[in-house]
Structures are given as C-alpha cells and as structure tokens.
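J.: output the structure for:
(one chain, ligands or ions: 1)
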Amino acid sequence: MVYGLDIGGSKLELSIFDAELTLLKRWRMNTPTSGYAEFLQAIKQQIVIADAFVAQAMLGQPAADAEQVMLKTPLGIALPGVQLDNGLLVSSNIQYLNHQAVMLDLIRLLQRPVAIGNDCRLFALSEATFGAGRQCQRMLGVVLGTGAGAGFCVDGRLISGPQGLAGEFGHQSIAARVVAKHQLPLFQCGCGLVGCVESYISGSGLARLYQHFGGVVACTHQWLEAFRLQQVAAVRAFDCFIDALGAALAAQVLAYEPGIIVLGGGLSEIDEITKELPQALARHLFTGICLPEIATAEFGATSGGRGAAIVALQHLQVCAYTQNH
Ligand SMILES: [Zn+2]
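T.: As a prediction, this is how the structure comes out:
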C-alpha cells in the first residue's frame, strides 16, 4: 500500500491506495494555520490513523507481512512550492513551510520513506498516467486554484528539471498586450515580483480583477454570482481574466506544444471558463495552427493525492535501484 497526501492552503487530504493505485480510503481535514510544529504533528496524527487502517486491512494475513506494511507504508506528498537541492522548500503559499526541510523532517518523524513533489506537477503526472491525458503523448496539466501552475508530461513521464521548476508558469509576466488592452496595473505577487500572471489568472487573481473593475472585495463565488447576473464589473473582470489566461496558455503552447491541456483546480469547474478558453487561446496564437484539445481533470480535486502516491512508488523504485547497484 501507499499513502498520498495532498496539502492545500485550506485542506489536507490523505488517500490510501493499494500497489495498483486503487483508492481504498480517503479523508480530509483543515490545513493547520498556526505554524510548522503544528503542521508536522497533524500529519503524524493522520499517518497513525492510516497505519491503523492498514493494520486492520492486513488482519488475517501472515503477521510478518502485516508488521512490514506497518513499518514501511511509504508516503508521497503533493504541496505548493518548490523543494531546492538543499532540501528547503520555497515559493509555497503556505507561508510557514517556506525555508523548512519538510521532507527530511517528515522522514525523521514518521520513520518511513517520504517523497515530496509540487502539487501542480503531481496533478499533471496523475492525469497523464491514469486520467484525461493518458491517451495523449504530450500533455500539459494546468492547475487554476489559489495559485496557478503546471506540469508537462511526455509518454506519461513528468518532465522536470533538477529543481522542479519546469511548469512554474504562474510566475512568468503577464503578456504586455493584455496589460495594454485592459489597462491593468501590475499586481504584487507573493513571490516578491510584480506582474506575475498568477496574480490575474488564479482564483484570487480573478477576485482581484473583479475588485479592480469596480466590484466589491469578493471571493470567486461572489464574482461568479455577479457574473451570471451580468453585472458590468464582473463581466469586465471575466473578459480580462480569460484574455490573460488565453495569453498565458498560448505561451505554454509555444514552449511545449502539448496535444492536450488538462485543467484542474477550482476555476476548471466553472463552465463559462472552459467553454470560452479555446477561442481565448486561439486569439494569442498564429492563425491556421492546430490548437491543443482542452479537457478537465478526470480525477478532479483528488488528482494531487494520486500523483503523490505515484511519486512515492517511483521514489521507492529509485531507492531500491540505488541500493542494488
Ligand atoms: Zn510571482
């Protein structure tokens, strides 16, 4: 068995899979808000619960097997941020995780193999392996949630650099032609730069655009309600948002030329966005070229945990290979 833990800004979701990645059990809890120590303890508590489930499932099997599973059930974690070579996490929107050696601390605390990956990259891996991208050789998985990020897979394999940066397109600049057309200010991004495209095309970015065009300080749900009532500020925010998103994804098409773009995250569940996106994308590319198919995630919000489990199993294979050679 293998555990996949998806860590988001507001929720943690722990999934237990068998070795064929069939989901056996899954539950959610709120992401701790008070700090890193509480975060580590919360994960430990969830792993104790998961181990008890695994022990129960192993009842009736030889005791030696059960003991082995108890000790060794590996854990894969999908979280926002990038793990540097020195093991420290940066660029996470869960602030207390930044500059912490999350993976090493969890290996020590949980006494088992732990693998960590960026949530957007693992979403892409999951959808490329089992989900909406499995039929397509070149697949770009794009998550539009609290932030915006992507992962690119070829033949079901994640293409990632040594620092795992490839796909971090949310921190590329918003296209100049979009800024000029909609007379936009350059918003400050949490990463320290200004004008990052994530500040316009994520859920919080859309809410910020709504406010910029005269709407109230709102969340995405309030924007959507106003948009469906055709309120002027909400419509202007959408026009600008979809133009910025089209331009941002056109840049990814020029970089990777995916056959399919699989969308995940909360914004991918809004039909108006997925319906309008192909035309918005086409407006920022040369006429006559073949556009990639645009699809939504097959595993939806649970793809991160599945991707985490895949990376935990791959990590184990690498460890076994290294030990045997
Ligand atoms: Zn940024």
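J.: got the residues of the stretch 151-300 of the chain near the ion?
T.: H171, C189, C191, L193, C196 (C-beta under 5 Å from the ion). Any C-beta I mention is one placed from the backbone N, CA and C, and that applies to glycine too.
J.: nearest to F238 among these?
T.: C196 (20.1 Å; C-beta to C-beta).
J.: any idea how many residues pack against the nearest residue to the closest one once chain neighbours are set aside?
T.: Among residues not flanking C196 along the chain, C189 sits closest, at 3.7 Å (C-beta to C-beta, 6 or more residues apart in numbering). Neighbours of C189 under the rule other C-beta atoms under 10 Å: 18.
J.: wait, what's in contact with C189?
T.: H171, G195, C196, E198, S199 (C-beta atoms under 8 Å, 6 or more residues apart in numbering).
J.: if I look at the residue lying closest to the first one once chain neighbours are set aside, how far off is S204?
T.: When you say that, I think you mean H171. Leaving aside its sequence neighbours, H171 sits nearest to C196 (C-beta to C-beta, 6+ apart; 4.6 Å). Using C-beta to C-beta, to the nearest Å, we find C196 at a distance of 12 Å from S204.
J.: now do the strands in the protein.
T.: Taking DSSP state E as the criterion, the chain carries its strands at 2-7, 11-17, 23-30, 75-79, 82-83, 89-90, 114-118, 138-144, 148-154, 157-159, 260-264, 293-296.
J.: just to revisit the earlier point, what number of residues lie near the residue nearest to H171?
T.: 25.
J.: let me know whether it touches I174 as I believe.
T.: Yes. Taking contacts as C-beta atoms under 8 Å, C196 lies within contact range of I174: 7.4 Å.
J.: picking up where we left off before, which one among the contacts of C189 gets closest to G305?
T.: For these, the residue nearest G305 by C-beta to C-beta is E198; the value is 22.7 Å.
J.: from L277, how far off is E293?
T.: Counting by C-beta to C-beta, the gap from E293 to L277 is 11 Å.
J.: about what we covered before: any chance of the strands of the chain in JSON lines, plus mean pLDDT, distance to A312 and mean neighbour count?
T.: Output for the strands of the chain, formatted as JSON lines (pLDDT from 0 to 100; distance: least, C-beta to C-beta, whole Å; neighbours: other C-beta atoms under 10 Å):
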{"stretch": "strand 2-7", "mean pLDDT": "96", "distance to A312": "5", "mean neighbour count": "26"}
{"stretch": "strand 11-17", "mean pLDDT": "94", "distance to A312": "9", "mean neighbour count": "21"}
{"stretch": "strand 23-30", "mean pLDDT": "94", "distance to A312": "14", "mean neighbour count": "13"}
{"stretch": "strand 75-79", "mean pLDDT": "95", "distance to A312": "3", "mean neighbour count": "28"}
{"stretch": "strand 82-83", "mean pLDDT": "88", "distance to A312": "14", "mean neighbour count": "20"}
{"stretch": "strand 89-90", "mean pLDDT": "90", "distance to A312": "17", "mean neighbour count": "18"}
{"stretch": "strand 114-118", "mean pLDDT": "93", "distance to A312": "5", "mean neighbour count": "27"}
{"stretch": "strand 138-144", "mean pLDDT": "97", "distance to A312": "18", "mean neighbour count": "28"}
{"stretch": "strand 148-154", "mean pLDDT": "96", "distance to A312": "16", "mean neighbour count": "26"}
{"stretch": "strand 157-159", "mean pLDDT": "93", "distance to A312": "14", "mean neighbour count": "18"}
{"stretch": "strand 260-264", "mean pLDDT": "97", "distance to A312": "20", "mean neighbour count": "27"}
{"stretch": "strand 293-296", "mean pLDDT": "97", "distance to A312": "26", "mean neighbour count": "17"}
